[in-house]
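Colleague: Quick one, structure for this:
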Amino acid sequence: MNSSTPDLRGVQTLPELLAFRAALTPHSEAYRACDPGTGQWISLTWAQTQERVQQWGRAIAASGLPQGARIAILLPNGLDAMSIDQAVMATGCVPVPLHAIDNPGSIAYILADAEVSLLVVEEPEQWRRIRDVGMPLPHLMGVVTTNASTGLPTAAEQDVPVAPLAAWLQHAAADTPLPPPPGPEDLAAIVYTSGTTGKPKGVMLSHANVVADVKAVLERIAPTPQDVFLSFLPLSHTFERTGGYYLPMASGSCVVYARSVAQLAEDLKNVRPTVLVSVPRIYERVHAKLIETLSPSPLKMQLFQAAQAVGWKRFCAAQRLPAPQDDGAGGWMRALPWPLLRALVAKPLLAQFGGRVRVAVSGGAPLSPTIAHCFLGLGLQLVQGYGMTETTPVVSVNTLEDNDPSTVGRALPGVEVRIGENRELQVRGPIVMKGYWKRPEDTARTVSADGWLGTGDQAEIVDGRIRILGRIKEIIVTSTGEKVPPADLELAITADALFEQAFVVGEQRPFIACVAVVHAEEWRQLAGQLGLDANDPASLAHPSAQRAALARIEKLAAGFPRYAVPRAVHLVREPWTIENAFMTPTLKLKRTNLMAHYAAAIEAMYQKR
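Modeller: Below is the predicted model:
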């Protein structure tokens, strides 16, 4: 433990973690958020945070809920989401975080499956949509809405009592006693997995699980009380809960809640965070925007390529990684001195993130090598980690001093990893879940009797570092017996700004093919160059468009074996979203749904060839 790491040996539960922090730095800024009504930023100290949590806890205690009740939270990131989450745990109840962008049917299923007693939503309309699904919710005793401006349901509509937040808080007397706090083995959350292939499963995470993961991460990435986090990943995402919420609580850092994803670019520049916790999608968007801006100017693009190449070479030398192959990108500009390249290219790019990011963590999905090389080369201190909801979630992470971006780092202290059958990465340690809620058979299939959890990911461990190879269940086996990991290939394809999304197919087929969603503006430009009408749906299937798209894909997939390079492509314009049931709330492809939807188009690609 270094001198800047807090001594958390006495902390065993998350309520104890908040109490520890409030006692240690009561007057430091804990949280900052924008009031949507006034547009003003408001902040809480750690002492004020604890007072607020106790007030919300008294309201829960006065609600007459059963001991250990599940309380579902359907709120955007902010002070209310933090307050109810902490208050639920302080009263020995169990938070069930819900994805704010999930569809009502999926939410209703989770409410029923978790036997939720209380639901907290932002807008009454959200509850109306859930109720209208018609699923019986016999355990639900009440609904609290934090923003009743759109009007509460009428008395006739209220089969379940619905209360505005202010009234709910006021119904508890100031001297209402709080129930006994939780113990280490009590549940800190039931987090439902995305359900890419079926109904979501509730992952039971104990206080011991979460506290163990926070303590272990602190030994790898040690934020300080001076650090500022910008929180924009949903708090229903375990990666954000541990990395962007409980970790800064342990370190005493300030968490600023972004106003919205739409305003994220502006918030990054105004808040100027020092720590970023993000999924690859955010870095991909910044990169795509950068390429879009530079593409019209060959001179600027060459300067960018030169800065990236020189910077990446410097990074590899500093990390003692093998020297990169010289592909000639950037031409003669690579002879320019690094201070000049940094001033002209790297500094403006880093300004997009606020200009003072000390460490940026990427997790939740694989990070494309193209994106990693770009940002690391230009000086963003980007480290990849690996985990899953069932491991609370962080299993491993690179550090600033030991950063090989082709891996997800070394296992955290106290966490064991090994390679099992079919090259599956297996994990054992205090971070492994208690099991799946009401699903003992699924738990037994996932966690062995001696505590090893099968991740479902294929991996290799080289010099102590974990390299993820792909999902076992998602490996495509062609009719020629070749094995292709689709997610890696899809990542490579979407590195081109033309392809917004990609879905690779080829199971028991003679070759790999691809369905790709085109970016509207990029498609307009390409169609113009090909003399096609971009607004005509038929233009997407024109032979010249197909050839151009395949040429790009072939170049993007150059690092893959020849048999993995797609030989046919079907271009579409409609993006895949959560609403149209092609994406999970954590933005993973629902492959079964996509396969069914594009069945005719996929068949046509193979018939044509």
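Colleague: In the protein, which strand is the longest?
Modeller: strand 453-462 (DSSP state E).
Colleague: Tell me the helix or strand right after that strand.
Modeller: strand 465-471 (DSSP states H and E).
Colleague: Quick one: mean pLDDT over the helix or strand following that next one.
Modeller: Next along the chain after strand 465-471, taking DSSP H and E as the criterion, comes strand 476-477. Mean pLDDT, computed over strand 476-477, is 84.
Colleague: Kindly report the same for stretch 186-194.
Modeller: On average, stretch 186-194 scores 92.
Colleague: follow-up on the earlier one: could you say what helices and strands the longest strand of the chain packs with?
Modeller: Applying 3 or more CB pairs under 8 Å, 6 or more residues apart in numbering; DSSP states H and E, we find strand 453-462 packed against strand 416-419, strand 424-428, strand 465-471. Every C-beta, even on glycine, is put in place using the N, C-alpha and C of the backbone.
Colleague: mean confidence score for it?
Modeller: Mean predicted confidence for strand 453-462 is 95.
Colleague: Could you list the buried residues of that strand?
Modeller: Leu453, Gly454, Thr455, Asp457, Gln458, Ala459, Ile461 (16 or more other CB atoms under 10 Å).
Colleague: How are the strands of the stretch 101-250 of the chain distributed by residue range?
Modeller: Per DSSP state E, counting those that start in this stretch, the stretch 101-250 of the chain carries strands over the ranges 116-121, 142-145, 162-164, 187-192, 202-206, 228-231.
Colleague: Out of those strands, flag the one nearest Met605.
Modeller: strand 187-192 (35.0 Å; CB to CB).
Colleague: what's the angle between that closest one and strand 202-206?
Modeller: Per axes from the mean of the first three to the mean of the last three CA atoms, to 10 degrees, the angle that strand 187-192 makes with strand 202-206 is 160 degrees.
Colleague: From the rest of the structure, what touches strand 187-192?
Modeller: Strand 187-192 has contacts (CB atoms under 8 Å, 6 or more residues apart in numbering) with 13-14, 68, 70, 89, 94-98, 110, 114, 182, 200-207, 209-210, 236, 238, 241, 389, 434, 437.
Colleague: Now for Val96: which residues touch it?
Modeller: Arg70, Ile71, Ala72, Ile73, Ile110, Ala114, Val116, Ala189, Ile190, Val191, Tyr192, Gly202.
Colleague: Figure out how far the helix or strand harbouring it is from the centre of its chain.
Modeller: Using DSSP H and E, Val96 falls within strand 94-97. The chain centroid and the centroid of strand 94-97 are separated by 18 Å, computed with CA atoms, centre = their mean, to the nearest Å.
Colleague: on that earlier part again, return the most buried member of the helices and strands packed on strand 453-462.
Modeller: Of all these, strand 424-428 carries the top mean neighbour count, a mean of 22, counting by mean count of other CB atoms under 10 Å.
Colleague: mean confidence for it?
Modeller: Per-residue pLDDT over strand 424-428 has a mean of 98.
Colleague: Low-confidence stretches in this structure?
Modeller: The model of the chain has pLDDT under 70 over residues 1-4, 149-158, 194-198, 609.
Colleague: ok, longest helix in it?
Modeller: Longest helix of the chain, by residue count under DSSP state H: helix 298-318.
Colleague: neighbouring contacts of that helix?
Modeller: With contacts defined as CB under 8 Å, 6+ apart, helix 298-318 is touched by 290, 294-295, 321-324, 326-327, 329-331, 333-334, 336, 338, 341-342, 344-346, 373-374, 376-379.
Colleague: Verify the contact between Gly385 and Val394 for me.
Modeller: Yes - between Gly385 and Val394 there is a contact under CB atoms under 8 Å: 5.7 Å.
Colleague: ranges for the helices of the stretch 401-550 of the chain?
Modeller: Assignment of helices within the stretch 401-550 of the chain using DSSP state H, counting those that start in this stretch yields the ranges 440-446, 486-493, 520-530, 543-556.
Colleague: who wins for proximity to Pro585 among these?
Modeller: Of the helices of the stretch 401-550 of the chain, nearest to Pro585 by CB to CB is helix 486-493, at 17.7 Å.
Colleague: packing partners for the closest one?
Modeller: The helices and strands touching helix 486-493, judged by 3+ CB pairs under 8 Å, 6+ apart, are strand 465-471, strand 499-505, strand 513-518, helix 543-556.
Colleague: how does it look with 10 Å?
Modeller: Under the contact criterion of 3 or more CB pairs under 10 Å, 6 or more residues apart in numbering; DSSP states H and E, helix 486-493 touches helix 369-377, strand 465-471, strand 499-505, strand 513-518, helix 543-556.
Colleague: Going by neighbour count, which residues of the last one are buried?
Modeller: Of the residues in helix 543-556, those with enough neighbours to count as buried (16+ other CB under 10 Å) are Ala545, Gln546, Ala548, Ala549, Leu550, Arg552, Ile553, Leu556.
Colleague: got it, and stretch 504-520?
Modeller: Residues of stretch 504-520 classed as buried: 504-506, 509, 511-519 (neighbour count, 16+ other CB under 10 Å).
Colleague: Now stretch 431-444: buried residues?
Modeller: Of the residues in stretch 431-444, those buried (16+ other CB under 10 Å) are Ile431, Val432, Met433, Lys434, Gly435, Tyr436, Trp437, Arg439, Thr443.
Colleague: Which positions are bridged to the closest residue to the second one other than its chain neighbours in the beta structure?
Modeller: Counting by CB to CB, 6 or more residues apart in numbering, the nearest residue to Val432 once its immediate chain neighbours are dropped is Leu453, at 4.9 Å. According to DSSP bridges, the partner residues bridging Leu453 are Val427, Val447.
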